[in-house]
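>>> the amino acid sequence is not available; the structure is as follows:
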């Protein structure tokens, strides 16, 4: 039996080694590096799942140096869910990218993203993957900062793999947002260390941070992370960056990268600061988060409906769906009955995290499917994809299944997530949040159907139609099918999410 | 004691100056410099306010954080400068255009500034 030490180390080391191998250049080393990173990540996700399920929360003091001096990895159900999400999305996108960029590169057309992407997509996405796994497994603040920087730098570089002026500008803007956000985060870390003398998340939680210094540290960190995760109204950088990036990069950015900063917000707000505790007196802050989330849902959905470019529509949909993750915050507090227990609402918690998981899979599927459609018609405008239904039924199916899961149509995973959130809102009599959740679902359905209608239209001018390689269609469809099927395996995942406690670390 | 507080206040001032520079300036070089200022301000605070135990010297953890932070800052500045050069080449100036629907004059010729060998 391989121990949790091996699995948690493998999750970070395998993608790094893969990235180094793929940097050697040449088709074969890129393939080898990608395979190594993907296999390592999938294996460690499975291994961590099995060990955490049996033995519960695990800690790994790297090199035998525990807290407070050393760096500790921390694995609970939440970490496993996110590592698994990264493993599944990363693998499917890796398969997709190997063909997407390969085709473009072999055609010798250097004005397409092909040439640069064929060489640099694999190493960049693997470094990003290592950073993501590092974020999800980190048990201390400074390690989180370094891992978030690895994610942010490689993500910005991925945007600029598209060689257009638009993509370069969007990538540059994203880099500034990401770096400034990291600096705010680091300042908060510095303050917390100077006040409490530890970087370990668990030790900080036990120190019960309160008072002006800790509160301002949390505010600074939250502001930085909100910018990185594109929380409304700090979302303006996201649509241009995610729309301009090459399709496989967009999928990773929307499905995983924005979630990494959100994951850190969850760790800080719920596990370290315990803001859902009745005594924390943080209802105002939680409601503020929920309000920003509600704003994101409405604004992002309305903007998505107004887009003429397919990828921009999906990018605005990301802004909207991220809103649900923040609407979770005010719903987490227990209404009144067992207020003394210190636990949070299991329904809201499971629903919110389930939404993060399903959105990751569905959004990656939609971006890959959109990549297939724009690849076929060589245009990104929504009106240019008419007739796609007949030519690319599999890609349209992937887009549709992903979209229906986002909109919350049963029996998809997205339905279960929204159902749990809705239930938590209604149970507590907070009907206004329920209205936002329901309206957001309807708006999602509207913009998904808008695209589908165009795809089923007979084209006025059946122009050039490039054949799409089969494996690119399969990769998109596989992710969409998983996003839908997750709705049927809800119990296991919800149980997994409870490992590590339903309440702050105290 | 008072000199430590002076350093912390100075560090905070450097951080704010950097934040204002990153947000307010339009020239990309100033923006990159601003991010570096923010980092330097934090490093100053960490070193100045690190707890010192009598007879044992300074707490090593903040120093390790600053060292790692400098490495990260150097790497991110290098990436940002490289990207800024690309912006200059592709959009004709070291500025970010506002998020308008029409991008600035887009270069359509094949790109020639790719570093490293092509495969």
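Received, thanks. A quick note: this is a predicted structure, and the numbers were derived from the prediction, not measured.

>>> wait, doesn't residue A:224 sit right on residue A:182?
Yes. Shown here, residue A:224 and residue A:182 form a contact pair, counting by CB atoms under 8 Å, at 6.5 Å. In short, each C-beta sits where N, CA and C put it, glycine included.

>>> in chain B, where's the longest helix?
Using DSSP state H, we find that the single longest helix of chain B is helix B:60-91.

>>> tell me the helices and strands packed up against that one.
Judged by 3 or more CB pairs under 8 Å, 6 or more residues apart in numbering or on different chains; DSSP states H and E, helix B:60-91 is in contact with helix A:141-159, helix A:165-196, helix B:28-49.

>>> contact residues of the stretch 151-300 of chain A facing chain B?
Residues of the stretch 151-300 of chain A lying close to chain B (CB under 8 Å from any CB of the partner chain) are A:153, A:156-157, A:160, A:163-166, A:168-169, A:171-173, A:175-176, A:179-180, A:183, A:186-187, A:189-190, A:193-194, A:197, A:199, A:236, A:240.

>>> one more pass at 7 Å, please.
Neighbours of chain B within the stretch 151-300 of chain A, by CB under 7 Å from any CB of the partner chain: A:153, A:157, A:160, A:163-166, A:168-169, A:171-173, A:175-176, A:179-180, A:183, A:186-187, A:190, A:193-194, A:197, A:236, A:240.

>>> filter those to the buried ones?
Among these, the ones that count as buried by 16 or more other CB atoms under 10 Å in any protein chain shown are A:153, A:157, A:160, A:163-166, A:168-169, A:171-173, A:175-176, A:179-180, A:183, A:186-187, A:190, A:193-194, A:240.

>>> low-confidence ranges, chain A, go.
A:1-2, A:68, A:103-114, A:335-342, A:460-463 (pLDDT under 70).

>>> need the residues of it near chain B, please.
So chain A meets chain B at A:25-27, A:69, A:110-111, A:115-116, A:119, A:142, A:146, A:149, A:153, A:157, A:160, A:163-166, A:168-169, A:171-173, A:175-176, A:179-180, A:183, A:186-187, A:190, A:193-194, A:197, A:236, A:240 (CB under 7 Å from any CB).

>>> apply 6 Å and report the result again.
Contacts of chain A with chain B, taken as CB under 6 Å from any CB of the partner chain, map to A:25-26, A:110-111, A:119, A:142, A:149, A:153, A:163, A:165-166, A:168-169, A:172-173, A:175-176, A:179-180, A:183, A:186-187, A:190, A:194.

>>> shouldn't residue A:53 be within a helix?
Yes. Per DSSP: H, G, I helix; E, B strand; the rest coil, residue A:53 lies within a helix segment.

>>> distance check, it against residue A:72.
21 Å (CB to CB, to the nearest Å).

>>> more crowded one of the two?
residue A:72 (22 against 14; other CB atoms under 10 Å in any protein chain shown).

>>> show me what contacts the more buried one?
By CB atoms under 6 Å, 6 or more residues apart in numbering or on different chains, the contact set of residue A:72 is A:59, A:61, A:139.

>>> same thing with residue B:34?
By CB under 6 Å, 6+ apart, residue B:34 lies in contact with B:18, B:21-22.

>>> what of residue A:273?
Contacts of residue A:273 by CB under 6 Å, 6+ apart are residue A:218.

>>> returning to that earlier point: mean confidence for the longest helix of chain B?
The pLDDT scores in helix B:60-91 average 93.

>>> tilt between that helix and helix A:141-159?
10 degrees (axes from the mean of the first three to the mean of the last three CA atoms, to 10 degrees).

>>> list of residues touching stretch A:314-334?
By CB under 6 Å, 6+ apart, stretch A:314-334 touches A:235, A:238-239, A:242-243, A:254, A:262, A:276, A:286-287, A:289-290, A:292-294, A:296-297, A:300-301, A:303-304, A:344-345, A:348, A:352, A:355-356, A:359, A:366-367, A:370, A:424-425, A:433.

>>> then residue A:209 would be within a strand, right?
No. Counting by three-state DSSP, residue A:209 is not part of a strand but coil.

>>> gap between it and chain B?
17 Å (CB to the nearest CB, to the nearest Å).

>>> repeat for residue A:333
33 Å.

>>> cool, residue A:379 as well?
From residue A:379 to chain B the distance is 15 Å (CB to the nearest CB).

>>> contacts only, for that residue.
Residue A:379 touches nothing, counting by CB under 6 Å, 6+ apart.

>>> name the SS class of it, please.
coil.

>>> find the residue closest to residue A:447 in space, skipping its chain neighbours.
Of all residues not flanking residue A:447 in the chain, residue A:304 sits nearest, at 4.6 Å (CB to CB, 6 or more residues apart in numbering or on different chains).

>>> and the helix or strand where the one you found lies, what does it pack onto?
Residue A:304 belongs to helix A:283-305 when elements are defined using DSSP states H and E. Helices and strands touching helix A:283-305, by 3 or more CB pairs under 6 Å, 6 or more residues apart in numbering or on different chains; DSSP states H and E, are helix A:310-332, helix A:431-456.

>>> contact partners for the residue of the stretch 351-500 of chain A found nearest chain B?
In the stretch 351-500 of chain A, no residue comes nearer to chain B than residue A:381, which is 12.2 Å away by CB to the nearest CB. By CB under 6 Å, 6+ apart, residue A:381 lies in contact with residue A:308.

>>> any idea how far it lies from residue A:498?
Counting by CB to CB, the gap from residue A:381 to residue A:498 is 45 Å.

>>> now do the phi/psi pair for residue A:465.
The phi/psi pair for residue A:465 (degrees, to the nearest 10) reads phi -130, psi 110.

>>> that one: neighbour count?
Using other CB under 10 Å, residue A:465 is surrounded by 14 other residues.

>>> distance of it relative to residue A:388?
For residue A:465 relative to residue A:388 (CB to CB), the value is 9 Å.

>>> mind checking how far the residue nearest to residue A:319 when sequence neighbours are not counted is from residue A:408?
Counting by CB to CB, 6+ apart, residue A:319 lies nearest to residue A:300, which is 3.5 Å off, once chain neighbours are set aside. Separation of residue A:300 from residue A:408 (CB to CB) stands at 15 Å.

>>> and residue A:421, by the same measure?
Residue A:421 is 9 Å from residue A:408, by CB to CB.

>>> buried sites along the host helix or strand of residue A:416?
Using DSSP H and E, the element containing residue A:416 is helix A:413-427. Within helix A:413-427, the residues scored as buried using 16+ other CB under 10 Å are A:413-425.

>>> residue contacts, the residue nearest to residue A:485 when sequence neighbours are not counted?
Residue nearest to residue A:485 in three dimensions, not counting chain neighbours: residue A:413, with 7.4 Å by CB to CB, 6+ apart. Residues in contact with residue A:413 (CB under 6 Å, 6+ apart) are A:358, A:405, A:483, A:486-487.

>>> redo that, cut-off 7 Å
A:354, A:358, A:405, A:483-484, A:486-487 (CB atoms under 7 Å, 6 or more residues apart in numbering or on different chains).

>>> residue B:69 against residue B:45, yeah?
No. Counting by CB atoms under 7 Å, residue B:69 does not reach residue B:45; the two are 11.4 Å apart.

>>> neighbours around residue B:88, how many?
14.

>>> try the one 4 residues further on
Using other CB under 10 Å, residue B:92 has 13 neighbouring residues.

>>> what values do phi and psi take at it?
According to degrees, to the nearest 10, residue B:92 has phi 80, psi 10.

>>> for residue A:411, same thing?
According to degrees, to the nearest 10, residue A:411 has phi -100, psi 30.

>>> verify the contact between it and residue A:487 for me.
Yes. Checked against CB under 7 Å, the pair residue A:411 and residue A:487 is within contact range at 4.6 Å.

>>> of these two, which one has the most company?
residue A:487 (21 against 13).

>>> isn't there a helix covering the more buried one?
Yes. The assignment for residue A:487 is a helix, going by three-state DSSP.
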